[in-house]
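Undergrad: Whatever this is, show me its structure:
(2 chains)
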Amino acid sequence: VSEAPGLRSALEFMRRLRAGLEAGLELPEAVTGGAAALPRDARLTVERVLRRLEGDYAEDEWGYDEEFVELVEPFFGFLYDRWWRVQAEGVANVPAHGRAMLASNHAGILPWDATMIAVALLREHPLPRQPRFLVLDWAFDLPWVSVFMRRVGGVIASPYNALRLLEQDELVAVFPEGVKGSGKPYGERYRVQRFGRGGFVEVALRAGAPIVPVAVVGSEEIYPKLAELPPLARLVGAPFFPVTPTFPWLGPLGAIPLPSRWRIEFCEPIETASYGPGAAGDRAVVLELTERVRDAVQEAVYANLVKRGPAFV
Amino acid sequence: VGRRVLITGVGSYLGGLLAARLEADDEVEAVVGLDTRRPKAELPRTELIDADIRDPGIRPLIEAARPDTVVHNKIVRQPGPGMSPRAMHDINVIGSLQFLAACEHVPSIEAIVIRGSAGIYGAEPNAPQFLTEDMTRLFPMRTRFQRDVAEIENYFETYSRRRPHVRCTMLRYQPAIGPDLDTQISRYLSQAACPTYLGFDPRIQLVHEEDALEALLAAIRTPVDGAVNVAGRGTVGLARMIRMAGRLSVPIAGPLFGPLTAAARRVGFGAYSEDFRRLLRYGRAVDVRRLEDEVGHRPRFSTVAAIEDWVARRRGAAAA
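TA: Predicted coordinates for the structure are as follows:
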């Protein structure tokens, strides 16, 4: 019964659209006319899509498109609430404004963990802010993926990009495990890998940005990687080619992540400004800070694994 | 005593505008234009020399003009009608080489300003999203034009090392757009349908013709050593740019792009150089802080504003 008004307004929309077209209106005008019959939300969406078709939307200099993020938010909101039933903790540890870096554990070839961190901040933070992500450069040579990444705030994982973003007082999310993290076999889940050579700490020091360790639990069960097929990885130029219980057997369906239960914890920020920008060149400081961040992430991952309990129920 | 400025490529649109602006400047005593083509605009105060920069015999002509500042504006960005890629390479590389050799022993020269190209950075999927002037060596040189620009920069670097008291400013221009400027970008946006790479929507950065000119003037006023990026602030997604121009994108799968556009060319569509194709696929943006802080020109038009201006003036011209 609740579906009936929706259906009725959709039919009314089609009727008006046809009438408009028969009256000799151009398609966009006819669609706008028809949209008057729709509920407010739907009408706004239609108008917004039409405006976008005329190039009337804003992107910032990085290609981040806030409106696009709003358009896709419902899908990720569904994953957050229903699919993974995410529980976020310590969101207030993320500074409400000014430069800051989020450093998180990472799993799976598709960066779902990054999207859930973003939704958690948008939903639960008292002053919601959209993080920018450092993304493995491989993604930027892929059709569609590259466009999607830049629209939702992804940038190529390069220290130059990270530094510039921090200097613009943005919130930058990094996954220092890199491919070592996303390519972990299932048996090694939640063992946080080495954090590279600490490049992210160097950038944070240079910009004087605090580092917030982030632990994501649940993300490491969505694609249980059983094996790898290196020849196929070479063929498509990917960093690795995973074999999971569903992929590649079920084709694109294998890309559907398993509905595990998630927890995200934002830990106490680790302050870097007192070291001064010069410390970025000091190996000992950089490696020590890197280890501190990694330890904090690992500890929080274990604690949240216990708090979460069983993975899927 | 005023400045004496020599401009190569004065017959180009921008070269002519530059000469006209310098003529109007009280601090400039003399403007000398060197080109094989005659400038389209009326330039009463400019002394024109009809010569080819590739000709080794131009040295006495330059010496006689006694310039303190030389603007090298004769770098071809895309072959015009009736110009082969070979001839373009010849003008760009051999021309710059001969011209510099001719300038080598002219004692009056204090500064050289070159209208170079940001094409030297190429267009790479994994390049930093704002390239600074020191990032030319991050990736291999992939196209002929890119190698040519690198070669030109090399000559000027060598020159400025040998003659440390001459300031050499290498302006690296992003593609320019403007109501009266005919460039690869404006030709691309003038077509009814604009081919794009399927699944790619790169960030494009442009410079408005007015800022292109102002940047040259600023560099003549305050020459600095080394490379300086020239571009409007910000970037625009290719798809958005095409929609702003009121055109239609025609997405073509990557491997088919080259063959299909080459076939379209036979039936009268525009040609796309390899550089331009890479730009359409991966895009490129540069950092302009050096231009703003050291050379002292703040671009008036952002990339988006430059396109809006181009579209508005186009519509105005079409309506009139």
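
Undergrad: Name the helix or strand for residue 52, please.
TA: With no chain named, the answer covers chain A. According to DSSP states H and E, A:Arg52 maps onto helix A:40-53.

Undergrad: try chain B instead
TA: With DSSP H and E as the test, B:Asp52 turns up in no helix or strand.

Undergrad: ok so, going back, show me which residues of whichever helix or strand comes after the helix holding A:Arg52 are buried.
TA: Remark: after helix A:40-53, the chain's next helix or strand is helix A:66-78, criterion DSSP H and E. Residues of helix A:66-78 classed as buried by neighbour count (16 or more other C-beta atoms under 10 Å in any protein chain shown): A:68-69, A:73, A:76. (Each C-beta comes from the backbone N, C-alpha and C, glycine too.)

Undergrad: residues near B:Ala317, how many?
TA: By the criterion of other C-beta atoms under 10 Å in any protein chain shown, B:Ala317 has 10 neighbours.

Undergrad: Low-confidence ranges, the chain, go.
TA: As the question left the chain open, I've gone with chain A. Applying pLDDT under 70 to chain A picks out residues A:1-3.

Undergrad: Chain B was what I was after
TA: Those would be B:79-81, if you go by pLDDT under 70 across chain B.

Undergrad: For the closest residue to chain B within chain A, give me its contacts.
TA: Distances between chain A and chain B by C-beta to the nearest C-beta are smallest at A:Pro143, namely 2.3 Å. Each residue near A:Pro143 by C-beta atoms under 8 Å, 6 or more residues apart in numbering or on different chains is listed here: B:197-200, B:254.

Undergrad: Of those, which belong to helices?
TA: The members of these that map onto helices under DSSP state H are B:Gly254.

Undergrad: Scan the chain for its longest helix.
TA: Let's take chain A. helix A:283-308.

Undergrad: wrong chain, I was asking about chain B
TA: In chain B, with assignment by DSSP H, the single longest helix is helix B:144-162.

Undergrad: Tell me who's in contact with B:Thr132.
TA: A:160, B:229, B:286-287, B:289-290.

Undergrad: Give me the subset of the residues you listed that lies in helices.
TA: A:160, B:289-290.

Undergrad: possible to save these as CSV with neighbour count and distance to B:Glu110?
TA: Listed next are those as CSV, based on neighbours: other C-beta atoms under 10 Å in any protein chain shown; distance: C-beta to C-beta, whole Å:
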residue, neighbour count, distance to B:Glu110
A:Tyr160, 19, 34
B:Arg289, 13, 26
B:Arg290, 18, 21
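
Undergrad: which bits of the stretch 101-250 of chain B sit near chain A?
TA: B:125-130, B:132, B:135, B:197-201, B:203, B:233-237, B:239-245 (C-beta under 8 Å from any C-beta of the partner chain).

Undergrad: what do you get if the cut-off is 7 Å, keeping everything else the same?
TA: Within the stretch 101-250 of chain B, the residues that sit near chain A (C-beta under 7 Å from any C-beta of the partner chain) are B:125-126, B:128-130, B:198-201, B:203, B:234-237, B:240, B:243-244.

Undergrad: now the strands for the chain?
TA: Because you didn't say which chain, this covers chain A. A:87-89, A:100-104, A:132-135, A:154-156, A:171-174, A:211-217, A:227-228, A:242-243, A:263-266 (DSSP state E).

Undergrad: hmm, I had chain B in mind actually
TA: B:3-8, B:28-35, B:46-50, B:69-72, B:111-117, B:167-173, B:176-177, B:193-197, B:203-204, B:207-208, B:226-230, B:236-237, B:248-252.

Undergrad: neighbours of residue 197, just the number please.
TA: No chain was given, so I picked chain A. Using other C-beta under 10 Å, A:Arg197 has 13 neighbouring residues.

Undergrad: hmm, I had chain B in mind actually
TA: Neighbour count of B:Tyr197, defined by other C-beta under 10 Å: 21.

Undergrad: Please apply the same query to A:Pro128.
TA: Neighbour count of A:Pro128, defined by other C-beta under 10 Å: 13.

Undergrad: same thing with B:Arg161?
TA: For B:Arg161, the count of nearby residues is 9 (other C-beta under 10 Å).

Undergrad: Please identify the residue of chain B positioned nearest to chain A.
TA: Taking C-beta to the nearest C-beta, chain A has its nearest neighbour within chain B at B:Gly199, 2.3 Å off.

Undergrad: check contacts around that residue.
TA: Going by C-beta atoms under 7 Å, 6 or more residues apart in numbering or on different chains, B:Gly199 touches A:143-144, A:147.

Undergrad: residues in the stretch 151-300 of chain A within reach of chain B, list them.
TA: Residues of the stretch 151-300 of chain A lying close to chain B by C-beta under 7 Å from any C-beta are A:155-156, A:158, A:160-161, A:164.

Undergrad: Fine by me, thanks again.
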